[in-house]
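Participant: Mind looking at a prediction? Sequence and model below.
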There are 2 protein chains.
Amino acid sequence: MLRFEIEARSAECAARVGRLSVNGRTVETPAFFPVGTQGTVKGVAQKELVAHGVQGILCNLYHLYLRPGIDVIEAAGGLHRFINWDGLIITDSGGFQVYSLKTLRRIEREGVHFVSHLDGSSHLFTPERVIEMQARLGSDVAMVLDECVGYPTTLDYARRSMDLTLEWAKRSLRTVGRGGAVFGIVQGATFPDLRVECAQRLVEMGFDGYAIGGLAVGEDKPTMFEMVDVCTRELPEERPRYLMGVGFPEDVARAVSLGVDIFDCVMPTRNARNGTLFVDGGRLVIKNARYARDDRPIEEGCDCYTCRNFSRAYLRHLYMSGELLSPMLNSIHNVRYYMRLMSRLRDVIRNGQLEGFLAELESKRQEETDIV
Amino acid sequence: MLRFEIEARSAECAARVGRLSVNGRTVETPAFFPVGTQGTVKGVAQKELVAHGVQGILCNLYHLYLRPGIDVIEAAGGLHRFINWDGLIITDSGGFQVYSLKTLRRIEREGVHFVSHLDGSSHLFTPERVIEMQARLGSDVAMVLDECVGYPTTLDYARRSMDLTLEWAKRSLRTVGRGGAVFGIVQGATFPDLRVECAQRLVEMGFDGYAIGGLAVGEDKPTMFEMVDVCTRELPEERPRYLMGVGFPEDVARAVSLGVDIFDCVMPTRNARNGTLFVDGGRLVIKNARYARDDRPIEEGCDCYTCRNFSRAYLRHLYMSGELLSPMLNSIHNVRYYMRLMSRLRDVIRNGQLEGFLAELESKRQEETDIV
């Protein structure tokens, strides 16, 4: 069902270039999956995703379960057909969303009881139901239910939580009626020993791929990368590795060097709506007065629809005017920026130039700089 | 500068089919101009306008003057270049917007003093400045400054206002530095004698085209059409006629039968954002529960991107979820609906079947019906 072929390995580090295929749908890795929580990448029509090189998106079971409901999507012929997207779809199990609910959920051995953020109704997600529902959606890659632990936490809590996540992982694999591929999720907070143990025990169970969860939740960057490194070292070479919810371009690149193959993050689309645009060499905050008469595209040489057709001055005007076209054009650019980044990463891995590229990216961290 | 060729005339009524060309840009008439007040048709990217048959849009001097400012647009090479739109652009003078400000404006013989809705700053529009600024924008068709009178009004007020509008029209024509074509605007409220006089006196001045203004401001439909009829009878055959701010599909069709060539209205895009979709045979309110599992497109046979790719069920989901893709896909459909309507009108005029088509449209007035 899932095929993962590694086509090239870095001579410098753990990075690799590959192809992930599920149900006849393929993405080149390292791959970045834009987030389409509710079955749409915010502000970007499906044909623009295709036109700008997106091969896969991340949807969310929790949100789609609450609205429009699994039965509606199943009746429409599954999620791909419902949203008219023939690229790859990974569905997150909702563990992270439930974790975000905080006071509105109760975690038990059986599963997670939670209250809908939409109407206050009560629900129960069990590991088995989560796998079954993702199969009913026709998701290509289903994620197991896990407990995502906040930062900071105690070793004791992190261990108990990890044990629960592992028990749930085992129950997930035993679930009859699995559809696409199923990925396990390595937890263990910021404790290297737990991360190692969690990864090893998941690998023993034998998943189609492995995600690294519970990171980018408040810990510092060195800790995050230490955890990624610890995990990828334990995960099998021949299976895809997915770092959930990360992140800035330079963080994605760093994680690629540690052997991660798949990423998702709201960063390109959320920043686009805030008027923050990614460019080589920094970021561009489009509302700044300096762009009011700037005739240049967001980024010289970018091949996206926005850069090929519109000036910074126009984009600033759209942003200041609160026009719908503002998030639309900004999102296209930022999504395309990430696609170009991944393509570049695949190239520099093949060419043995990843370390140099990484140093260059980190010297101009996009989160800190603004360009002129 | 402006060329208007009539290619076919209805044998049944005053309708005609033609081609309006200004600055090498052409629209087939009867034509509907989607509204792009601030230099963007809300929710529809420029390439989608082109792909869906839009040949011209209406922008607004008042809004563009306040933000981003005429000098910004002029520095960018004009409005077409600033917004990257090579179709025809009509710019409204802002008379209607100033009229909408009510307490924030003072009309004098010199012009209109008004206060910005954005920052409370004070401004003066004179007939001369309005023409000059539209020339600086590079607008293809500039509208004269007029006073748009509300409904109801007195004969006395309407006459004095009309006299002022006519004086302003004369000053507009005398303005040095006119750019594209200039249209006069027939006012006269709901008084047929005033409408006739206003039209005759404008025609004596000799404009490139003539608009009918001050309608669809609260009067009943029979009165509106009576005024349209009174005006078009006075306007020269060989010049284009533009009914401003109208309207529903059946109203557009009715006005076409009275000899109107050009329309603009926020109806397709505003309704799209509210989830109201135009279809042959009525309108469709996408939030209705009946569409939750409806696998059909908005309209069978519609060739728009939305109908070719997405179901009512998905569109309802997007609307209920407050997703950006909802107004985007809805707007594309509604704009395309109006373009198909105009194309159909041109066909039935040529074929001598306008009256039948009109009767059919009016039997299912889109403002009143919802379809299943």
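Facilitator: Yes, it's here.
Participant: Pull the number of nearby residues for A:Val196.
Facilitator: 16 (other Cβ atoms under 10 Å in any protein chain shown). Glycine gets a C-beta too; all of them are placed from N, C-alpha and C.
Participant: and it, what is it in contact with?
Facilitator: A:Gly188, A:Val230, A:Cys231, A:Glu234 (Cβ atoms under 8 Å, 6 or more residues apart in numbering or on different chains).
Participant: make it 6 Å
Facilitator: Contact analysis of A:Val196 by Cβ atoms under 6 Å, 6 or more residues apart in numbering or on different chains lists A:Val230, A:Glu234.
Participant: ok so it is a helix residue?
Facilitator: Yes: A:Val196 sits within a helix when classified using DSSP: H, G, I helix; E, B strand; the rest coil.
Participant: what about it, distance to chain B?
Facilitator: Taking Cβ to the nearest Cβ, to the nearest Å as the measure, A:Val196 falls 40 Å from chain B.
Participant: What pLDDT is listed against that residue?
Facilitator: For A:Val196, the pLDDT comes out at 98.
Participant: From A:Asp163, how far out is it?
Facilitator: Applying Cβ to Cβ, to the nearest Å, the value for A:Val196 to A:Asp163 is 14 Å.
Participant: Start and end of stretch A:242-249, how far apart?
Facilitator: Start to finish, the residues bounding stretch A:242-249 are 16 Å apart (Cα to Cα, to the nearest Å).
Participant: Identify the residues contacting that stretch?
Facilitator: Applying Cβ under 6 Å, 6+ apart, the contact partners of stretch A:242-249 are A:Ala211, A:Ile212, A:Gly213, A:Ala216, A:Ala255, A:Val260, A:Ile262, A:Phe263, A:Cys265, A:Leu341, A:Gln366, A:Glu367.
Participant: of the residues you listed, closest to B:Asp294?
Facilitator: Distances from B:Asp294 to the contacts of stretch A:242-249, taken as Cβ to Cβ, are shortest for A:Cys265 (33.7 Å).
Participant: what's the model's confidence in stretch A:229-248, averaged?
Facilitator: 97.
Participant: wait, stretch A:129-138
Facilitator: 96.
Participant: A:Tyr182: helix or strand, and which one exactly?
Facilitator: For residue A:182 the amino acid is Val, not Tyr. strand A:181-186 (DSSP states H and E).
Participant: Please tell me how far A:Pro268 sits from B:Glu128.
Facilitator: Counting by Cβ to Cβ, the gap from A:Pro268 to B:Glu128 is 48 Å.
Participant: quick one: which of the two has more around it?
Facilitator: For A:Pro268 versus B:Glu128, the count of surrounding residues by other Cβ under 10 Å is larger for A:Pro268: 28 against 18.
Participant: hmm, which helix or strand of chain A has the shakiest average pLDDT?
Facilitator: The weakest-scoring helix or strand in chain A, judged by mean pLDDT, DSSP states H and E, is helix A:95-101 (a mean of 82).
Participant: helices or strands next to whichever helix or strand comes after that one in the packing?
Facilitator: Using DSSP H and E, the helix or strand that follows helix A:95-101 towards the C-terminus is strand A:105-107. When contacts are defined as 3 or more Cβ pairs under 6 Å, 6 or more residues apart in numbering or on different chains; DSSP states H and E, strand A:105-107 packs onto strand A:112-115.
Participant: Go through the strand it packs on and flag the buried ones.
Facilitator: A:Val112, A:Phe114 (16 or more other Cβ atoms under 10 Å in any protein chain shown).
Participant: what do you get for stretch A:338-353?
Facilitator: Buried residues in stretch A:338-353, counted by 16+ other Cβ under 10 Å: A:Tyr338, A:Met339, A:Arg340, A:Leu341, A:Met342, A:Arg344, A:Leu345, A:Arg346, A:Val348, A:Ile349, A:Arg350.
Participant: All set now, cheers.
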